[in-house]
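> Sequence and predicted structure are below.
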Amino acid sequence: MRDIAHSIRVSHTWNSFSAVIPSGCLTLGIPLRRHSIRVSHTWNSFSAAIPSGCLTSGILPRRRSTFLGYLASGILSANVPPSSDISHPESCPPTMEDEGNLNKFRVGPHPTLFYIPDFITDYQQTQLLNNIYQAPVSKWKSLKNRRLQNWGGVVHEKGLLSQDLPTWLTRITERIFEESGLFPSAINHVLINEYLPNQGIMPHQDGPAYFPVVAILSLGSPVVMDFTPHSRLRLDTNDAEDKNSDDKSFEIETKKWLDDHHPFSILLMPRSLLIFKDEMFSEYLHGIKDSEVQQYDKVVNDIEALEQHRLDPLFSGSEKAVEVMRNGELRSIQRTTTRISLTCRLVLKVHKNLFKF
Ligand SMILES: O=C(O)CCC(=O)C(=O)O
Ligand SMILES: [Fe+2]
């Protein structure tokens, strides 16, 4: 049989990221997508041709209450250039806060995983990257396979030795807290991971100190995250006595559980927010392969992740950031730039940190 290979571009017209970035941090900078249609950031100044309820802060429409919140919190303050676009006013995807309804963003076979495309605008992404790369070099901790910044304090098994999050981070964590409605109190810890195209993170479960809801904001290069069911994690969460009481039936139960729980992946596009909780937090490992080319044939959110890119007129831009290959059924992305993620979590037990770093 003839193997027909063709490729689909999902790249936009990418601009070089112009933030102050220490040399060597990024190869040619993190590219940012250019807006197609720009409007003033004075939210109440436009209304034409936008379906009701479709006022936007970027591609993802937001409600007025959010804009006001943003204005109040200064994220769209006086020196902010016009940045929001109404790329597709005819399509009005749901916002996370609509009816407080996160369910619209459920993806995959489990009810505890949510993918919110275009959670922030290009401009907000630039602002975040600016702040991240303006942090002192000493803020970065280098690991074998990535660098990270730790914000909010030191997490111990017994809790958080807390430090206040900077305002540029609370603007985003407060919005996640309010719009998701999943955290019992304000998010107080943010881990910022930086991945070069050939870097990833081993499959792991987040520590027991965290409340079992994770929100991951993605910036820069798209990436594929893998979720793997882990029966041992499940055993750990069950009563030990139950385990020993009847080994045989427990074995059968575990096998049945594994039959119902399959590995899957999720495509994380720039500016998207991934939220997972409960079962997905405690019974699955999550990780990112350290390869520049990542298959995404097993992703459960390809439609949601690529929809906006398909609709965007800049989709056919000549500069390519990501190429989505379709070789028969084998689909993959090429990671060409750095990815930054903000892992936003809550540690319930907090000890005020007396030491300043
Ligand atoms: O970078 C990511 O998307 C995942 C990060 C993560 O799993 C973590 O910080 O625990
Ligand atoms: Fe994690």
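Thanks, I have it. Residues are numbered from 1 along each chain as shown. Ligands and ions are numbered 1, 2, ... in the order given.
> What parts of the protein come near ligand 1?
Leu191, Asn193, Ile201, Asp206, Ile216, Met225, His286, Ser341, Thr343 (Cβ under 6 Å from any ligand atom). C-beta here means a position set from N, CA and C on the backbone, and glycine is covered the same way.
> element containing the second one?
Applying DSSP states H and E as the criterion places Asn193 in strand 189-195.
> Show the average pLDDT along that strand.
For strand 189-195, the mean pLDDT works out to 98.
> list the contacts for Pro109?
His262, Phe264, Val300 (Cβ atoms under 8 Å, 6 or more residues apart in numbering).
> Just the pLDDT at it, thanks.
pLDDT, Pro109: 86.
> That one in helix, strand or coil?
Here Pro109 is recorded as coil under DSSP: H, G, I helix; E, B strand; the rest coil.
> what's it sitting at in phi/psi?
Pro109 has phi and psi values of phi -80, psi -10 when expressed as degrees, to the nearest 10.
> in the strand or helix carrying Gln124, what counts as buried?
According to DSSP H and E, Gln124 maps onto helix 122-134. By neighbour count on 16 or more other Cβ atoms under 10 Å, the buried set for helix 122-134 is Asp122, Tyr123, Gln124, Gln125, Thr126, Gln127, Leu128, Leu129, Asn131, Ile132, Tyr133.
> That one versus strand 189-195: what angle between them?
90 degrees (axes from the mean of the first three to the mean of the last three Cα atoms, to 10 degrees).
> downstream neighbour of helix 122-134 in the secondary structure list?
strand 140-142.
> pLDDT of stretch 264-274, averaged?
95.
> What ranges in the stretch 101-250 of the chain fall below the confidence cut-off?
232-246 (pLDDT under 70).
> those strands in it, which residues are they?
113-116, 140-142, 147-151, 153-156, 159-162, 189-195, 201-204, 213-220, 223-229 (DSSP state E, counting those that start in this stretch).
> Figure out which of those strands is closest to Lys352.
strand 159-162 (6.1 Å; Cβ to Cβ).
> Let me see the residues that make contact with the strand or helix carrying Ser265.
Following DSSP H and E, the helix or strand that holds Ser265 is strand 264-268. With contacts defined as Cβ under 8 Å, 6+ apart, strand 264-268 is touched by 107-109, 113, 115, 216, 218, 222-227, 274, 296, 298-302, 305-306, 333, 341.
> Can you name the next helix or strand after it?
According to DSSP H and E, the helix or strand after strand 264-268 is strand 273-277.
> Neighbouring strands of that next one in the sheet, and parallel or not?
Here strand 273-277 is paired, per DSSP bridges, with strand 113-116 (antiparallel), strand 213-220 (antiparallel).
> In TSV, list those strands along with mean neighbour count.
Supplementary listing: the strands paired with strand 273-277 in TSV, determined by neighbours: other Cβ atoms under 10 Å:
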stretch	mean neighbour count
strand 113-116	24
strand 213-220	23
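> how about these in TSV, adding distance to Trp140?
Formatted as TSV, these follow (distance: least, Cβ to Cβ, whole Å):
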stretch	distance to Trp140
strand 113-116	28
strand 213-220	16
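> closest one to Leu258 among the ones you listed?
Using Cβ to Cβ, these put strand 113-116 closest to Leu258, at 18.3 Å.
> Go ahead and name everything in contact with the closest one.
Contacts of strand 113-116 (Cβ under 8 Å, 6+ apart): 60, 96, 102, 105-107, 227, 266, 272-276, 280, 300-301, 304-305.
> gap between the residue nearest to Lys289 when sequence neighbours are not counted and Val350?
The shortest distance from Lys289 to any non-neighbouring residue, by Cβ to Cβ, 6 or more residues apart in numbering, is to Gly200 (5.1 Å). Counting by Cβ to Cβ, to the nearest Å, the separation of Gly200 from Val350 is 31 Å.
> My guess is Leu182 contacts Lys277. True?
Yes. Between Leu182 and Lys277 there is a contact under Cβ atoms under 8 Å: 6.2 Å.
> which neighbours do these two share?
Val213.
> about what we covered before: need the strands of the stretch 101-250 of the chain in JSON lines with distance to Arg175, can you?
Listed next are the strands of the stretch 101-250 of the chain as JSON lines, based on distance: least, Cβ to Cβ, whole Å:
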{"stretch": "strand 113-116", "distance to Arg175": "11"}
{"stretch": "strand 140-142", "distance to Arg175": "25"}
{"stretch": "strand 147-151", "distance to Arg175": "16"}
{"stretch": "strand 153-156", "distance to Arg175": "21"}
{"stretch": "strand 159-162", "distance to Arg175": "20"}
{"stretch": "strand 189-195", "distance to Arg175": "13"}
{"stretch": "strand 201-204", "distance to Arg175": "25"}
{"stretch": "strand 213-220", "distance to Arg175": "10"}
{"stretch": "strand 223-229", "distance to Arg175": "22"}
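> closest to Glu253 out of those strands?
strand 223-229 (13.9 Å).
> Please name the strands paired to that closest one in the sheet, noting orientation.
Counting by DSSP bridges, strand 223-229 is paired with strand 264-268 (antiparallel), strand 284-288 (antiparallel).
> Pick the most deeply packed of those.
Per residue and on average, the most neighbours among the strands paired with strand 223-229 fall to strand 264-268, with a mean of 24 (mean count of other Cβ atoms under 10 Å).
> of all the strands paired with strand 273-277, which lies closest to Leu148?
Judging the strands paired with strand 273-277 by Cβ to Cβ, what sits closest to Leu148 is strand 213-220, at 13.1 Å.
> Mind listing residues that contact the closest one?
30-31, 119-120, 125, 128-129, 172, 176, 180, 182-183, 187, 206, 268-278, 281, 337-346.
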